[in-house]
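In: Would you be able to build a 3D model of this:
(chains A, B, C and D)
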Protein chains: 4
Amino acid sequence: MSDRVVRDADYEPKIRASFDRQKAMALMGARLGRIEPGVVEIELPFSDEIVQQHGFVHAGVITSIADSAAGYAARTLMDAGSAVMSVEFKVNLLAPAAGERFVARGEVIRSGKTLTVCRSDVLAHQGGETRLIATLLATMMRLTDRGFED
Amino acid sequence: MSDRVVRDADYEPKIRASFDRQKAMALMGARLGRIEPGVVEIELPFSDEIVQQHGFVHAGVITSIADSAAGYAARTLMDAGSAVMSVEFKVNLLAPAAGERFVARGEVIRSGKTLTVCRSDVLAHQGGETRLIATLLATMMRLTDRGFED
Amino acid sequence: MSDRVVRDADYEPKIRASFDRQKAMALMGARLGRIEPGVVEIELPFSDEIVQQHGFVHAGVITSIADSAAGYAARTLMDAGSAVMSVEFKVNLLAPAAGERFVARGEVIRSGKTLTVCRSDVLAHQGGETRLIATLLATMMRLTDRGFED
Amino acid sequence: MSDRVVRDADYEPKIRASFDRQKAMALMGARLGRIEPGVVEIELPFSDEIVQQHGFVHAGVITSIADSAAGYAARTLMDAGSAVMSVEFKVNLLAPAAGERFVARGEVIRSGKTLTVCRSDVLAHQGGETRLIATLLATMMRLTDRGFED
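Out: Numbering: from 1, shown residues only, chains lettered A, B, ... in the order given. Next up, the predicted model:
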């Protein structure tokens, strides 16, 4: 769908360093997974600390990993010196977030000079089965301001 | 805009008990604030544990309080025995989440038998000033399944 | 992604008859294309009557065909007697709508008893080339009220 | 909510001229209404030509006027030489679009250098009563490319 041209050969260590600064991800228990041009995955094991009132993972937590995965997917195709900011996103919650482990897979749909549009699908893994539980559609913005540099 | 008919006189203690079961809210440091027909507020003090890579509060955390505020706002106008589930939401992030304290104000736009549409505005408070940093537009669903009862 | 169980063997003629009642589609010049379980396509030739101020097709027109394609895709998997209503949708406009012809391909992501989540991708065709110009993510509702029956 | 600074004193005639080039608006029967800093209204009388299968106005048509109203609201606060492009929008359809006349009121929530976030509420007027039937939340982009100049 999208031409996935890499403009910054060092994108992977930069994304890993940036993710380590996302304390919210550590708080929720999220870990960075696969990183490749246009695609980033974030994994989240289930824990009692991230649930909503019915014992499923909170929609906001699922959205958090989907948003970060989408943002870093956008970053894989940006110039050196770029930072990413979420402009907006929309999430459809397709099923209760029940499972042992969740994987948000962020993917670039369209990479532009200023704006990048991404999708994140979140899969729940439970007992060898997987289920799509959420899909996010996001607009990401490239920042060049030094203060925001990753 | 919306006729705010209360159908369950005990909505407030039920919402407070439900919020206490949202462990994700406690993990992030969020607290339930004002509750009235069609409106629920959730407060979040800044902490180093909920930031993204640039030191602002993570968009997913801001979304989490906005989503919960919207969901509970919807719940204030539902029948006894109802539980709320987020079907989908869209967030526009209007400014970096910088501040001492954040307040998400969820409000019902339209209350229907099955679906309720809500808006949440998130204000950042810093040094006596407030700033709108995010707005969320959500569809909430009423569940009557006993397993989901609040 | 979604189990595409057909519950109404006559979905195709019903969708064709319903589309013919969508006078807005005729006004814009849209035509129904491929119909199969979980997928419906709507085609729109370029015309000077559907443009915005820069001569590209209006975002609202592109959204109209994407919405109708998504709604009818949802209908392919519903019971006899069901009608579809758009609850909400979100569209990202990825490129100006320039082209000879546009095709919106609506597809079911998750089919539920009450709600169906669909995606529509809109491709522009020009001189043998195709380009993704918009993607829509929608929530559709099944109506059983006789007054709404298709 | 938003500081409404006018940067182009001639915004109104430019918006009126731009609207006249939106042939899609004329096709649907839409007319430009009130224009003031940060706010633009578009009116649409009911007609049999813009309906969906149940006789209500098509969601895509309602979205079209909401989108144009939001885009022109954004334009009221931009520099001379600016043009507006819809990046994305999300619409919640709150009630069937039944009525004699519909008014989309676009309003700026946040005006930025590159991106402007707007809301549009669509009211249906029928027999002296009004009803909120849709609300749109949109991201608009300022273009400075001469080719896009309004």
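
In: just the angle between the lengthiest strand in chain A and strand C:129-143, please?
Out: Longest strand of chain A, by residue count under DSSP state E: strand A:129-143. Interaxial angle of strand A:129-143 relative to strand C:129-143 (axes from the mean of the first three to the mean of the last three CA atoms, to 10 degrees): 120 degrees.

In: Now find how far off-centre strand A:129-143 is within its chain.
Out: Relative to the centre of its chain, strand A:129-143 is centred 7 Å away, using CA atoms, centre = their mean, to the nearest Å.

In: Next, the buried residues of it.
Out: Going by neighbour count (16 or more other CB atoms under 10 Å in any protein chain shown), the buried part of strand A:129-143 is A:131-143. To be clear about C-beta, it is placed using only N, CA and C from the backbone, and glycine gets the same treatment.

In: what residues are up against residue A:57?
Out: Residue A:57 makes contact with A:44, A:46, A:50, A:51, A:97, A:98, A:99, A:102, B:24, according to CB atoms under 8 Å, 6 or more residues apart in numbering or on different chains.

In: between those, which is nearest chain C?
Out: Set against chain C, the nearest of the contacts of residue A:57 by CB to the nearest CB is residue A:97 (14.0 Å).

In: which residues does the residue nearest to the closest one when sequence neighbours are not counted form a beta bridge with?
Out: Of all residues not flanking residue A:97 in the chain, residue A:57 sits nearest, at 3.7 Å (CB to CB, 6 or more residues apart in numbering or on different chains). The partner list for residue A:57 in beta bridges (DSSP bridges) reads residue A:51.

In: Read off the pLDDT value for the spatially most central residue of chain A.
Out: Against the mean C-alpha coordinate of chain A, by CA atoms, centre = their mean, the closest residue is residue A:69 at 1.2 Å. Residue A:69 is assigned a predicted lDDT (pLDDT) of 98.

In: now swap in residue A:135 and tell me
Out: 98.

In: Now for it: which residues touch it?
Out: A:91, A:92, A:94, A:119, A:120, A:121, A:122, C:109, C:117, C:119, C:137.

In: Report the secondary structure state of the nearest residue to residue A:37 once chain neighbours are set aside.
Out: In space, and not counting its chain neighbours, residue A:37 is closest to residue A:4: 4.4 Å by CB to CB, 6+ apart. Secondary structure, DSSP: H, G, I helix; E, B strand; the rest coil: residue A:4 is coil.

In: show me the contacts for residue A:4.
Out: Neighbours of residue A:4 in contact, by CB under 8 Å, 6+ apart: A:37, A:38, A:76, A:77, A:108, A:111.

In: So which of these is the closest to chain C?
Out: Among the contacts of residue A:4, and counting by CB to the nearest CB, the member closest to chain C is residue A:111, at 10.1 Å.

In: rewinding a little: the longest strand of chain A - which strands sit beside it in the sheet, and in what orientation?
Out: Using DSSP bridges, the strands paired with strand A:129-143 in its sheet are strand A:83-93 (antiparallel), strand A:115-126 (antiparallel).

In: Dump the C-alpha coordinates for the last one into PDB.
Out: Listed next in PDB are the C-alpha coordinates belonging to strand A:115-126 (Å, rounded to 0.1, in the frame of the first residue of the first chain):
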ATOM      1  CA  LEU A 115       1.700  13.600   8.400                       C
ATOM      2  CA  THR A 116       1.800   9.800   8.500                       C
ATOM      3  CA  VAL A 117      -1.400   7.700   8.700                       C
ATOM      4  CA  CYS A 118      -1.100   4.400  10.500                       C
ATOM      5  CA  ARG A 119      -3.200   1.500  11.500                       C
ATOM      6  CA  SER A 120      -2.700  -0.700  14.600                       C
ATOM      7  CA  ASP A 121      -4.400  -4.000  15.100                       C
ATOM      8  CA  VAL A 122      -4.300  -5.500  18.600                       C
ATOM      9  CA  LEU A 123      -4.400  -9.300  18.900                       C
ATOM     10  CA  ALA A 124      -5.200 -11.200  22.100                       C
ATOM     11  CA  HIS A 125      -3.400 -14.500  22.600                       C
ATOM     12  CA  GLN A 126      -4.900 -17.100  24.800                       C
END
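
In: Name the residues of that strand that are buried.
Out: Quick answer for strand A:115-126 (16+ other CB under 10 Å): A:115, A:116, A:117, A:118, A:119, A:120, A:121, A:122, A:123, A:124, A:125.

In: Which other helices and strands does the helix ranked longest in chain A contact?
Out: Using DSSP state H to define each element, chain A has its longest helix at helix A:59-75. Secondary-structure packing of helix A:59-75 (3 or more CB pairs under 8 Å, 6 or more residues apart in numbering or on different chains; DSSP states H and E): helix A:11-21, helix A:23-28, strand A:39-45, strand A:83-93, strand A:101-111, strand A:115-126, strand A:129-143, helix B:59-75.
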